[in-house]
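Trainee: Need a 3D model of the sequence below.
(2 chains)
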Amino acid sequence: MRLFNSLTSRVEEVVPTHPDGVVRIYGCGPTVYRQAHLGNLRTFLLTDLVRRALEFEGRTVLLITNITDVGHMTDDSSGQAVDRMQIAVEDEGLAPPEIAEKYTKAYLEDSAAIGILASHVYPRATDHVPEMIELTETLISRGHAYIADEGSVYFDVRSFPGYGKLSGNSIDELQPGHRELEVAQGKRHHADFSLWKSAGAGRLMRWDSPWGEGFPGWHVECSAMSMKYLGERFDVHTGGNDLKFPHHEDEIAQSEGATGHRVVSIWAHGGHLRLSGQKISKSTGNVVLVSDLVEQGIDPLAYRYLTFQTRYRSEMDLSLDALEAADRGLRRLRQRMAGWAGTPPPAERSDAASGLDRRFREAVADDLDMPRALVVLNEAVSSAEVPDGEKYALLASWDSVLGLDLERSAREDVELPPDVQDVVRRRDDARAAGDYATSDSMRERLTGMGYEVMDTAGGTRVRRRA
RNA sequence: GGCGGGGUGGCCGAGUGGUUAGGCAGAGGUCUGCAAAACCUCGCACACCGGUUCAAUUCCGGUCCCCGCCUCCA
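Mentor: Below is the predicted model of the structure:
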């Protein structure tokens, strides 16, 4: 499988660096002081897709997703730097660990709802403060970091020649204090970033350190945890485009500064999701959640389907129209599947099916070209050469990458409750007898039970109405 | 100021130097006790201005506009 590497701006083959052949992936995970929105989820979907695509090829994957539960992030909506965790604590009347627990759970539920497979480890930042302190000490001893007067530790960007290689920024061009709220005193260069910050008054989450009470800088978390679980060299690191700078740039500086060598092979960044042309973000407040989809009667997996229609690196515009179109399209697909479910696949795969399968796999392996994969899928759906049973088997196998639960309708058809089956039978009898009045009343009854009625050559077919 | 991504038909969005992306929506039709589903057919594009070319939506130059990052961000 090939992936676009932000570091080299080229599409590169994913080659496991460890001799065990396991592909090691680190995906930047959620901050858990509030609920993840669809924009965040698009990035997590990218990580999931990388993982599924590799497994689809028969690879073994080790996937780590961090949970950022340290309230070191600040919020500038009020024009002042405020600890976001602290805001949540005040708003919800819960202690920081409870807030973190609550939103970690919500994140896992939302992920599952959009078909994201569970990661193998979900390390929490608060469980790894000692590792972060250790990494900071290493960086100090290697001359990449220094202790400022007030008990904070900063990374010295000028000590790391490669600084800027991911984002294309150069130290000289970075504007000082562009958006920095608390202009830190004691930095040697304005681009220096904190590895450890001394805790001011009112800071809820604080730890002891060699430099006094404080809390870790944002970026150390990922360096410390990725190397702890994946080793000093690993294969793929994913994240949203906005993390390129400064987060990942700083992570590279830390990890490579501490080890003296390249740590991550491929950096894969996902494009942002927009809502009516505007970036969706926690700070602008134009947020759509999984629960909003459910309220609109949209299958959360339809969102997953929708994201496949756009290349992962492109920005994508979200609208209710687009979501509804995807929802309808997905439902239709599942119903087509249900229609083929009764036919067994042929003993030998047809040439047509083999060709489609090859093209589908090629598209997925080619830097996750899901729009192309969907074209192949649509060709398969309407192919005159592939028998129904084979179509079913083909799409079902592709669903291990797609994760769209394509077999849902087929499954529901089989699992009709007995009382529904009974009404269906009575309607079929009435129709056979030409008693259309009874037939229509049975239809109404089924509608009342939440089922839509269709006549087919094989008799009444019903499907659950969302 | 620095770095980067875009402007495609009603909507979302692929892609390409000449030949239909696809989905959703719309129109017509087949089928049907009715209805739905399904299937068939159709319409509607490539921001603007120049240039290169036999031929540009696709390449080059310029213009306009939109969006992201530049230490809160997926």
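Trainee: For A:G257, which non-adjacent residue is closest in space?
Mentor: Nearest residue to A:G257, sequence neighbours excluded (C-beta to C-beta, 6 or more residues apart in numbering): A:H144, at 4.0 Å. Yep, even glycine has a C-beta here, placed from its N, CA and C like the rest.
Trainee: Run a quick neighbour tally on the one you found.
Mentor: Look at A:H144: counted by other C-beta atoms under 10 Å, it has 22 neighbours.
Trainee: Could you pull up the residues touching it?
Mentor: Each residue near A:H144 by C-beta atoms under 8 Å, 6 or more residues apart in numbering is listed here: A:155-156, A:159-160, A:253-254, A:257-258.
Trainee: Most neighbours among these, which one is it?
Mentor: A:Q254 (30 neighbours).
Trainee: That one - that's part of a strand, no?
Mentor: No. Counting by DSSP: H, G, I helix; E, B strand; the rest coil, one finds A:Q254 to be helix, located in no strand.
Trainee: what sits against it?
Mentor: Taking C-beta under 8 Å, 6+ apart as the criterion, A:Q254 is in contact with A:135, A:139, A:144, A:155, A:195, A:219-220, A:223.
Trainee: hmm, 7 Å instead?
Mentor: A:135, A:139, A:155, A:219-220, A:223 (C-beta atoms under 7 Å, 6 or more residues apart in numbering).
Trainee: now these as TSV including distance to A:R124, pLDDT and secondary structure?
Mentor: Shown next, in TSV, are the contacts of A:Q254 (distance: C-beta to C-beta, whole Å; pLDDT from 0 to 100; DSSP: H, G, I helix; E, B strand; the rest coil):
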residue	distance to A:R124	pLDDT	secondary structure
A:L135	16	96	helix
A:L139	22	96	helix
A:F155	23	94	strand
A:H219	16	92	helix
A:V220	14	94	helix
A:S223	15	96	helix
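Trainee: coming back round to it: near RNA strand B too, which of the contacts of A:H144?
Mentor: By C-beta under 7 Å from any atom of the strand, no member of the contacts of A:H144 lies near RNA strand B.
Trainee: Mind telling me which residue of the stretch 201-350 of chain A is nearest RNA strand B?
Mentor: Per C-beta to the nearest atom of the strand, A:G240 is where the stretch 201-350 of chain A lies closest to RNA strand B, at 1.7 Å.
Trainee: Which residue, other than its chain neighbours, is closest to that residue?
Mentor: The nearest residue in space to A:G240 (C-beta to C-beta, 6+ apart) is A:T43, at 4.2 Å.
Trainee: now do A:E13
Mentor: A:R2 (5.4 Å).
Trainee: Please report how far the one you found lies from A:S226.
Mentor: 22 Å (C-beta to C-beta, to the nearest Å).
Trainee: In terms of neighbours, single out the busier of those two.
Mentor: Neighbour count, other C-beta under 10 Å: between A:R2 and A:S226, A:S226 has more, with 25 against 15.
Trainee: Can you list phi and psi of the more buried one for me?
Mentor: phi -60, psi -40 (degrees, to the nearest 10).
Trainee: And what about A:G355, helix, strand or coil?
Mentor: Classification of A:G355 using three-state DSSP returns helix.
Trainee: again but with A:E173, I slipped
Mentor: Recorded secondary structure, A:E173: coil (three-state DSSP).
Trainee: Could you check how far it is from RNA strand B?
Mentor: 4 Å (C-beta to the nearest atom of the strand, to the nearest Å).
Trainee: Could you give the secondary structure assignment for the residue in the stretch 1-150 of chain A that RNA strand B sits nearest to?
Mentor: Residue nearest to RNA strand B within the stretch 1-150 of chain A: A:G39 (2.7 Å; C-beta to the nearest atom of the strand). At A:G39 the chain is in helix, as set by three-state DSSP.
Trainee: quick one: it and A:L275 touch, right?
Mentor: No. Applying C-beta atoms under 7 Å as the test, A:G39 and A:L275 come out as separate, 8.0 Å apart.
Trainee: isn't A:S198 right next to A:P210, touching?
Mentor: No. A:S198 is beyond contact range of A:P210, at 11.9 Å (criterion: C-beta under 7 Å).
Trainee: more crowded one of those two?
Mentor: A:S198 (19 against 12).
Trainee: what about chain A, any weak spots by pLDDT?
Mentor: Along chain A, segments meeting pLDDT under 70 span A:71-82, A:175-185, A:202, A:276, A:281-285, A:465-466.
Trainee: Give me the longest helix you can find in it.
Mentor: Assignment by DSSP state H gives helix A:320-340 as the longest helix of chain A.
Trainee: Show me where the stretch 301-450 of chain A has its strands.
Mentor: Taking DSSP state E, counting those that start in this stretch, the strands of the stretch 301-450 of chain A run over residues A:316-318.
Trainee: how about the residues of it near RNA strand B?
Mentor: Counting by C-beta under 7 Å from any atom of the strand, the residues of the stretch 301-450 of chain A near RNA strand B are A:306, A:309-311, A:314-317, A:319, A:321-322, A:324-326, A:328-329, A:332, A:335-336, A:339, A:369, A:371-372, A:374-375, A:378, A:381-382, A:431, A:436, A:439-440, A:443.
Trainee: Buried subset of those, written for ChimeraX?
Mentor: Applying 16 or more other C-beta atoms under 10 Å to those leaves a buried subset, and the ChimeraX line that selects it is:
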select /A:306,310,311,316,322,326,329,335,336,339,369,372,374,381,431,439,443
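Trainee: Doesn't A:L63 belong to a strand?
Mentor: Yes. Assigned with three-state DSSP, A:L63 falls within a strand.
Trainee: Return the residues in contact with it.
Mentor: A:25, A:27, A:51, A:119-120.
Trainee: out of the residues you listed, who's nearest A:R59?
Mentor: Lowest distance from A:R59 to these (C-beta to C-beta) belongs to A:R51, with 9.4 Å.
Trainee: Mind jotting down where the strands sit in the stretch 51-200 of chain A?
Mentor: Here the stretch 51-200 of chain A has its strands, by DSSP E, counting those that start in this stretch, at A:61-65, A:74-75, A:82-83, A:145-147, A:153-155, A:193-198.
Trainee: touching RNA strand B at all, the following helix or strand past the last one?
Mentor: The reference is to strand A:193-198. Downstream of strand A:193-198, the first helix or strand assigned by DSSP states H and E is strand A:214-216. No. Against RNA strand B, strand A:214-216 shows no contacts by C-beta under 7 Å from any atom of the strand, the least distance being 12.0 Å.
Trainee: Now do strand A:214-216: everything it contacts.
Mentor: Strand A:214-216 has contacts (C-beta under 7 Å, 6+ apart) with A:70, A:72, A:129, A:132, A:151-152, A:196-199, A:203, A:205-207.
Trainee: and if you look at stretch A:429-437?
Mentor: A:438-439, A:442.
Trainee: Could you do stretch A:43-53 as well?
Mentor: By C-beta under 7 Å, 6+ apart, stretch A:43-53 touches A:1, A:3, A:25, A:27, A:61, A:63, A:111, A:114, A:116-117, A:236, A:238-240, A:268, A:270, A:304, A:307, A:312, A:364-365, A:368, A:400-401, A:403.
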